[in-house]
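Participant: Predicted model, plus sequence, below.
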Amino acid sequence: MMRASIAGSLLLLLMMAVGGVFANQVFSRDATHHGVGDFSCVRWTGARARRDSASEDVMVAWTEGYLSARVSDGVVTDASDVEDIRAFYDDYCKAKPTVTLFDAVNDWIEQRRNEIKYSN
């Protein structure tokens, strides 16, 4: 009985360690990403110029989801206001049009590090 408990505990620790490794890879800038996060800022500024609210909404929704996912990585943000996200992309993408949304939002997190509270 005691061996089963120890084995179960060791298995749980191993699973948590492996999960932590994979979670860090998901948010790594070196990892391969697909989908909306791979859109460049050119796509954002184009959607804004065309007043393509459907495309904007998709990119903002992706950003909200990404920021929510980062909560599981220990990052807690107060950037859930849609207008804050739009304003960030407007300014950031004018300055860096070839950057992906994934890199842009991670830069935003880094820029706001002093304002963001970490739960760890």
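Facilitator: Thanks, I have the structure now.
Participant: From here on, just use CA atoms for contacts and neighbour counts.
Facilitator: OK.
Participant: Spell out which residues make up each domain of this protein.
Facilitator: Domain ranges of the chain: 1-32, 33-118, per automatic domain parsing.
Participant: Lowest mean pLDDT across those, which one is that?
Facilitator: The weakest mean pLDDT among those belongs to domain 1-32, with a mean of 46.
Participant: Can you show me the strands along the protein?
Facilitator: Per DSSP state E, the chain carries strands over the ranges 75-76, 117-118.
Participant: residues contacting residue 40?
Facilitator: Residue 40 makes contacts with 97, 98, 99, 100, 101, as judged by CA atoms under 8 Å, 6 or more residues apart in numbering.
Participant: burial of residue 41, as a residue count?
Facilitator: Look at residue 41: counted by other CA atoms under 10 Å, it has 24 neighbours.
Participant: Start at 175, not 1
Facilitator: Got it, the first residue is 175 from now on, which makes the last one we talked about residue 215.
Participant: residue contacts, it?
Facilitator: So residue 215 contacts 263, 267, 268, 270, 271, 272, 273, 274, 275 (CA under 8 Å, 6+ apart).
Participant: ok, now how distant is it from residue 245?
Facilitator: Remark: distance between residue 215 and residue 245 (CA to CA, to the nearest Å) = 24 Å.
Participant: got it, and residue 233?
Facilitator: Distance from residue 233 to residue 245, counting by CA to CA: 19 Å.
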